[in-house]
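> Pasted the sequence and its predicted model underneath.
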Amino acid sequence: MPSAMHSFQRHREAVRARLLRSGHIRAGPESVTWKINREVIVVAGWGRAILLQLAHPAVAAGVHGHSSFRGSLLSSVRRLHSTVAAMLSLTFGDTEQMVGAAAGINAIHDRVRGCPHASRNDGAGEAYSAHDPDLQRWVHATMVESIPLIYERLVGPLTCRERDRYCLEAAIMEPLLGMPDGWLPRDAA
């Protein structure tokens, strides 16, 4: 089994290569992504997004089986800290910080797989993987829907164009997480 560092480096190179091939451009200081995500209050949207994510049985199974949030308070705080750091790097970091954050997420996703209720014979034992593009799209959609919603409720209005632009800019997650090109929504509709 490869070491954690080997896995991280392998993912870093794969993310960098996919990003170069993709043609996606990282959002910058004048982007809608920065406008919305620089408001600390939008973190309140994460709670809503997480609840929506957990509505999907495979996501719930993955969280139940693999999340450190179920451990001690200290492990929960560490997990929250690493999640916030990764999100900040994905949005506001330079290209290498973004690639590193994505590689770390992919390395974690390598371990998140299983078969909930494997002993049951009613079809509820569907296998899951955090690398499944359908599950990744579900998680992504909850975020790109919840964060602008919280922004609008607590900061100010967004135009239809800004909501669409936010979705388009967020589609950079395709090469970062290894999803197929065109997999994520490009507009708020």
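Everything's here; your move.
> Run through the strands of this protein in chain order.
Ranges of strands in the chain, per DSSP state E, are 113-114, 128-129.
> for this protein, which helix is longest?
Among the segments of the chain that qualify as a helix by DSSP state H, the longest is helix 133-154.
> Mind listing what's buried along that helix?
133, 135-151 (16 or more other Cβ atoms under 10 Å). (C-beta placed from N, C-alpha, C; glycine too.)
> Which strands and helices lie in contact with that helix?
With contacts defined as 3 or more Cβ pairs under 8 Å, 6 or more residues apart in numbering; DSSP states H and E, the secondary structure elements packing on helix 133-154 are helix 32-37, helix 44-54, helix 57-66, helix 160-170, helix 173-177.
> what angle do the third one and helix 44-54 make?
The one in question is helix 57-66. Here helix 57-66 runs at an angle of 100 degrees relative to helix 44-54 (axes from the mean of the first three to the mean of the last three Cα atoms, to 10 degrees).
> now helix 57-66, how far from the centre of its chain.
Centroid separation for helix 57-66 versus its chain: 15 Å, with Cα atoms, centre = their mean, to the nearest Å.
> Which secondary structure elements does it sit against?
Contact partners of helix 57-66 among helices and strands, from 3+ Cβ pairs under 8 Å, 6+ apart: helix 44-54, strand 113-114, strand 128-129, helix 133-154.
> Minimum distance to V99: which of those has it?
Nearest of the helices and strands packed on helix 57-66 to V99, taken as Cβ to Cβ: helix 133-154 at 17.4 Å.
> what is the mean pLDDT for that closest one?
The predicted model assigns helix 133-154 a mean pLDDT of 97.
> Give me the contact list for that helix.
For helix 133-154, the surrounding residues in contact (Cβ atoms under 8 Å, 6 or more residues apart in numbering) are 36-37, 39, 41-42, 44-46, 48-50, 52-53, 56, 58-59, 62, 128-130, 158, 163, 166-167, 170, 173, 177, 179-180, 183-185, 188.
> Could you rerun that using 6 Å?
For helix 133-154, contacts defined as Cβ atoms under 6 Å, 6 or more residues apart in numbering pick out 36, 41-42, 44-45, 48-49, 52-53, 56, 58-59, 158, 163, 166-167, 170, 173, 177, 179, 183-184.
> what's the answer for stretch 44-54, then?
Applying Cβ under 6 Å, 6+ apart, the set of residues contacting stretch 44-54 from outside is 59-60, 139, 142-143, 146-147, 150.
> Could you report the pLDDT at S3?
pLDDT, the model's per-residue confidence, is 81 for S3.
> To what extent is it buried, counted in neighbours?
Using other Cβ atoms under 10 Å, the number of residues around S3 comes to 8.
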